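1. Dropping a prediction and its sequence here:
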Amino acid sequence: MNNPVIQSLRKRRSQYSLGRNLSQSPAEIEALIKEAIRWSPSSFNSQSSRAVILFGAQSERFWELVRESLRPLVPAEAFGGTEQKLASFAAGVGTVLFYEDQDVVKGLQEQFALYADNFPVWSEHSTGMAQLATWTALAEAGIGASLQHYNPVVDEAAAREWSIPESWKLRAQMPFGSNEAPFAEKTFIDDAERFRVVA
């Protein structure tokens, strides 16, 4: 299919071998991430998504915080593998921390009581779309990334480190950098299991 959006989506893959061999400057990457999130949809145009963009030593610090948060939770004999995985994320250029502002969600619940139960769900939709938009934009620029979920284990440590507002809820983390390994072939389940077309 020769649709440019589909072509971009095909480039979005999980990259676990990250490096620092990028031609883009931090300012260019920052602008790309901001635009991707800015143009992502949200319920009632609430714009509840928030992001902390960490570069260099700050990104490394985040993965150090994750490591120390996990140390008391992971069996000692398995911790070596955990450290290797976290080191692969820290080896990249940076990390995006995706948050959702719960004050925005609560404000919508108060303003539109009829839909109150739905706004937390719609907030999750918003962050998911912001994550996909960011990941796809990075991939289109030739930047590798993956999506990680070390929340809520690292939430408090990250909040202290970067003075995160109390109303911001951490939803995902996206380490990014140069692609240092090829992607494996992507496989798909049979269409009959996944789709129904009614005409």
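-> Noted; the coordinates are in hand.

2. Quick check: which element contains R160?
-> helix 155-162 (DSSP states H and E).

3. Let's see that helix as CSV, backbone CA atoms only.
-> This file holds the C-alpha atoms of helix 155-162, laid out as CSV (Å, rounded to 0.1, in the frame of the first residue of the first chain):
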residue,chain,number,x,y,z
ASP,A,155,7.1,7.5,39.8
GLU,A,156,8.1,9.0,43.2
ALA,A,157,11.8,9.0,42.4
ALA,A,158,11.3,10.7,39.1
ALA,A,159,8.9,13.2,40.6
ARG,A,160,11.5,14.2,43.2
GLU,A,161,14.3,14.4,40.7
TRP,A,162,12.6,16.6,38.2
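
4. Can you give the contact residues for that helix?
-> Here helix 155-162 makes contact (C-beta atoms under 8 Å, 6 or more residues apart in numbering) with 52, 58, 61-62, 65, 68-69, 97, 164, 166, 168-170. Where C-beta positions appear, they are placed from N, C-alpha and C, glycine not excepted.

5. That one - what's its average pLDDT?
-> The average pLDDT within helix 155-162 is 98.

6. Quick check: buried residues in it?
-> Neighbour-count burial for helix 155-162, counted by 16 or more other C-beta atoms under 10 Å, picks out 155, 157-158, 161.

7. Including distance to A199, could those residues go into TSV?
-> As requested, the buried residues of helix 155-162 are exported to TSV (distance: C-beta to C-beta, whole Å):
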residue	distance to A199
D155	47
A157	53
A158	49
E161	54
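
8. Looking at those residues, spot the one nearest Y16.
-> A158 (21.3 Å; C-beta to C-beta).

9. Could you tell me which of the contacts of helix 155-162 count as buried?
-> By 16+ other C-beta under 10 Å, these give 52, 61-62, 65, 69, 97, 164, 168-170 as buried.

10. From those, which land in helices?
-> Residues of these located in helices (DSSP state H): 61-62, 65, 69.

11. where exactly do the helices run in the protein?
-> 4-11, 26-38, 57-70, 76-90, 102-111, 119-140, 155-162, 191-194.

12. Same list (those) but as a markdown table, adding distance to S146.
-> Formatted as a markdown table, the helices of the chain follow (distance: least, C-beta to C-beta, whole Å):
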| stretch | distance to S146 |
| --- | --- |
| helix 4-11 | 14 |
| helix 26-38 | 15 |
| helix 57-70 | 13 |
| helix 76-90 | 8 |
| helix 102-111 | 26 |
| helix 119-140 | 8 |
| helix 155-162 | 18 |
| helix 191-194 | 23 |
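
13. Which one of the ones you listed lies nearest to S46?
-> Across these, closest to S46 is helix 102-111 (C-beta to C-beta), at 5.3 Å.
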